[in-house]
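J.: just the structure for this:
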Amino acid sequence: MKKESELIRFQYSEVPLTQRNLEDLQTLIRILRIDRNRVLQVVFPGYDDPEEIRIAAQENGYYLGMGFPMDDFGWPHPLILAAEDLSVEEVEQVIQAICGEGKSTEEIPVVMEKLKDITKQVFGEK
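T.: So this is what the prediction gives:
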C-alpha cells in the first residue's frame, strides 16, 4: 500500500519573492528528491498567473502543476496545467521566473512547451 503524500504549503502575498524566500523554495525542491512522500504547494492568494503551484519528486524527475483561477470565465474550478518527469533545472527555471522575477507564465518556455491542460482529468467532464 502506497503511503499518502504530505502536503507542505507555503503562502506568499506577492511576487516577486524576497531572495531568501526564493532560495528556501529552491532548496525545498531539491529536498523533495530525498523525501518523495512530500508535495510542495506554493499559493499566491489573489494572484492569477498562477494562483497555486505544486511540485513533487517522481522516479524519473519532477511533477509540476499550476492552478489558474477561472472565476472571471464562469468556471466552477481552476484551470490546471501540469507536466511530469521534468528536470530539476526546468522546475527551478519556472520558480525563478514566476517567484523571483514576477514573469507571466506565457513568458516561460517550460510552461508553454511542456505543461498540458489536465483540468478534465482532475475535475471530470463538467
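J.: I'd like the mean pLDDT over the lengthiest helix in the chain, please.
T.: Using DSSP state H, we find that the single longest helix of the chain is helix 19-31. Helix 19-31 carries an average pLDDT of 96.
J.: from now on call the first residue 31
T.: Shifting the count to begin at 31 puts that one at helix 49-61.
J.: just the CA coordinates of it, formatted as PDB?
T.: C-alpha atoms of helix 49-61 as PDB (Å, rounded to 0.1, in the frame of the first residue of the first chain):
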ATOM      1  CA  GLN A  49      15.800  36.400  -2.300                       C
ATOM      2  CA  ARG A  50      15.700  34.400   1.000                       C
ATOM      3  CA  ASN A  51      12.200  33.000   0.300                       C
ATOM      4  CA  LEU A  52      13.200  32.100  -3.300                       C
ATOM      5  CA  GLU A  53      16.300  30.300  -2.100                       C
ATOM      6  CA  ASP A  54      14.300  28.500   0.500                       C
ATOM      7  CA  LEU A  55      11.900  27.200  -2.200                       C
ATOM      8  CA  GLN A  56      14.700  26.100  -4.400                       C
ATOM      9  CA  THR A  57      16.300  24.200  -1.500                       C
ATOM     10  CA  LEU A  58      12.900  22.500  -0.700                       C
ATOM     11  CA  ILE A  59      12.500  21.500  -4.400                       C
ATOM     12  CA  ARG A  60      15.900  19.600  -4.200                       C
ATOM     13  CA  ILE A  61      15.000  18.000  -0.900                       C
END
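J.: list the helices and strands it packs on?
T.: Helices and strands touching helix 49-61, by 3 or more Cβ pairs under 8 Å, 6 or more residues apart in numbering; DSSP states H and E, are strand 68-73, helix 118-125. Every C-beta, even on glycine, is put in place using the N, C-alpha and C of the backbone.
J.: redo these as CSV? Include mean pLDDT, mean neighbour count and distance to Lys146.
T.: Output for the helices and strands packed on helix 49-61, formatted as CSV (pLDDT from 0 to 100; neighbours: other Cβ atoms under 10 Å; distance: least, Cβ to Cβ, whole Å):
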stretch, mean pLDDT, mean neighbour count, distance to Lys146
strand 68-73, 97, 19, 19
helix 118-125, 98, 19, 14
